[in-house]
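Visitor: need coordinates for the following:
(one chain, ligands or ions: 3)
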Amino acid sequence: MSNNYFKIAVLPGDGIGPEIISESIKILDVIAEAFQYKFQFDYGLIGAEAIFKTGEPLPEETLKICKESDAVLFGAIGDPVFDNNPEAKVRPEQGLLKLRKELGLFANIRPLQTYPSLIEKSPLKREIIEGADIQIFRELVSGIYFGEKFTDPEGAYAYDVCKYNREDIIPIAHMAFKEAQKRKKKLTLIDKANVLDTSRLWRKICQEIAPEYPDVQLDYMFVDNAAMQLILNPKQFDVILTENMFGDIISDEASVIGGSIGLLPSASIGDKNALFEPIHGSYPQAKGKGIANPVASILSVAMMLDHLNLKQAAEKLRQSVEHAIENKYVTIDLNTKQYYSTSEVGSFIADHIRYSEKSYYNFENVKIGKSTIV
Ligand SMILES: NC(=O)C1=CN([C@@H]2O[C@H](COP(=O)(O)OP(=O)(O)OC[C@H]3O[C@@H](n4cnc5c(N)ncnc54)[C@H](O)[C@@H]3O)[C@@H](O)[C@H]2O)C=CC1
Ligand SMILES: CC(C)CC(=O)C(=O)O
Ligand SMILES: [Mg+2]
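Guide: Residues are numbered from 1 along each chain as shown. Ligands and ions are numbered 1, 2, ... in the order given. Have a look, this model is predicted:
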């Protein structure tokens, strides 16, 4: 990887995937110009689109592009054709799961923050959510999503096995402890150790590792209680560490604190590869309507820039996203009375980067799209 030239694998996927990814590419083009970087975009098929075109949810060619990249930018996969057909053997989600496994992306980091101008938009009360700031570390390549599975041909029973090895837990646990050291020094392991052997293994390993991080307070919480505590008192959390399925579920729940799932980005990190994706899915009901919030994907780009060590560009991008949100330049999920389209929000953020980097930014220079006022 040279200092200013980066190969980015781009996998738009299904549903709103292509729409949000096209806003992220718009942003990367502006960042390339403003900061003198060169991004080479190599596009690949994945998910339902890949099944329809090739018969496979993750074609070999896509995997090759990803393995040869400095980072992968992923949109979303999933299509009602498969969601509504339990008999389908080849499914879009298999493409994403296989990609995560093949790239060894063991840690999925999902940051959650609140924005002052969105506090009133949340169904939760101001005093509960104001200032909430949580980093979720979700294990991504083991557990029940990857265990042995079976469906009885007669349809009488089915099972999915949840299995964890020590080696699956240790690396992500260290990452989470280290992150807690940089923050408020509190790590909460969310599990179901009162029932599950796998959860007891997670607790045992965290207890073994904890003495290496004496400044970090390690807490435990059962996942059913955690689902409640996240809504009752999210400010009690700093860094959360959890297994694959619990992390999937509680992070969608936690997105309500920020105002919309359309705001939450993520980084999936492995030893050799890294992939950046919103936490949401393909939101098929919104496909082609221009209403999807592109911010989760755009903030995933900020996480990608951090990973590529382009910290200044990442910081500028985050400032521009905040500027858009604070100026109420948002999609319909955040303001049903006055809203902008997916591409208008992307352009507003891109223009803010462009003009403020050239130091002649003022609000007049920014193209104001036509908002819809209800
Ligand atoms: N990483 C991925 O690619 C994921 C894929 N999926 C797939 O996506 C499909 C739809 O799944 P759902 O359970 O409906 O989850 P979803 O995350 O696609 O949508 C759930 C709800 O979240 C909101 N939402 C999601 N993204 C948004 C955005 N960018 N802007 C504004 N609002 C947004 C909408 O209200 C939507 O009805 C399924 O096929 C599922 O398997 C689901 C989760 C993750
Ligand atoms: C669609 C699944 C494979 C994953 C999921 O829901 C997620 O990673 O958030
Ligand atoms: Mg999910």
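Visitor: CA atoms for contacts and neighbours, from now on please.
Guide: Fine.
Visitor: please name the nearest non-neighbouring residue to Lys186.
Guide: Nearest non-adjacent residue to Lys186, counting by CA to CA, 6 or more residues apart in numbering: Gln217, 4.8 Å away.
Visitor: what about that neighbour, how many neighbours?
Guide: 15 (other CA atoms under 10 Å).
Visitor: check Ser117 too.
Guide: Ser117: 12 surrounding residues under other CA under 10 Å.
Visitor: ok, the closest residue to it other than its chain neighbours - contacts?
Guide: Nearest residue to Ser117 in three dimensions, chain neighbours excluded: Glu326, at 5.6 Å (CA to CA, 6+ apart). Residues in contact with Glu326 (CA atoms under 8 Å, 6 or more residues apart in numbering) are Tyr115, Pro116, Ser117.
Visitor: adding distance to Pro211, write those residues out as JSON lines.
Guide: Formatted as JSON lines, the contacts of Glu326 follow (distance: CA to CA, whole Å):
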{"residue": "Tyr115", "distance to Pro211": "35"}
{"residue": "Pro116", "distance to Pro211": "38"}
{"residue": "Ser117", "distance to Pro211": "41"}
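Visitor: and which of those residues is nearest to Ala193?
Guide: The nearest member of the contacts of Glu326 to Ala193, counting by CA to CA, is Tyr115 at 34.3 Å.
Visitor: and the pLDDT for Gly369?
Guide: pLDDT, Gly369: 55.
Visitor: phi and psi next, for the residue most central in space within the chain.
Guide: Nearest to the mean C-alpha position of the chain, counting by CA atoms, centre = their mean, stands Ser266 at 2.6 Å. When quoted as degrees, to the nearest 10, the phi and psi of Ser266 stand at phi -160, psi 160.
Visitor: pretty sure it is touching Glu277, no?
Guide: Yes - judged on CA atoms under 8 Å, Ser266 makes contact with Glu277 at a distance of 5.4 Å.
Visitor: now the common contact residues for these two.
Guide: In contact with both Ser266 and Glu277: Ser300, using CA under 8 Å, 6+ apart.
Visitor: show me the contacts for the residue of the stretch 51-200 of the chain found nearest ligand 2.
Guide: The nearest approach of the stretch 51-200 of the chain to ligand 2 comes at Glu93, 4.7 Å away (CA to the nearest ligand atom). Neighbouring residues of Glu93 by CA under 8 Å, 6+ apart: Gly47, Pro57, Ile77, Gly78.
Visitor: what's the neighbour count on the first one?
Guide: In other words, Gly47. 26.
Visitor: residues contacting it?
Guide: Contacts of Gly47 (CA under 8 Å, 6+ apart): Gly13, Asp14, Pro57, Leu58, Ile77, Gly78, Arg91, Pro92, Glu93, Gln94, Gly95, Leu96.
Visitor: not counting sequence-adjacent ones, nearest residue to the second one?
Guide: In other words, Asp14. In space, Asp14 is closest to Ile77, 4.7 Å off (CA to CA, 6+ apart).
Visitor: which residues touch that neighbour?
Guide: Gly13, Asp14, Gly15, Gly17, Ile46, Gly47, Ala48, Pro92, Glu93, Leu96, Gly281, Ser282.
Visitor: contacts only, for the fourth one.
Guide: I take that to be Gly17. Phe74, Gly75, Ala76, Ile77, Ser282.
Visitor: can you tell me which helix in the protein is longest?
Guide: For the chain, the longest helix by residue count, based on DSSP state H, is helix 17-35.
Visitor: picking up where we left off before, between the contacts of Glu326, which is nearest Ser300?
Guide: Comparing the contacts of Glu326 against Ser300 with CA to CA places Tyr115 closest, at 16.9 Å.
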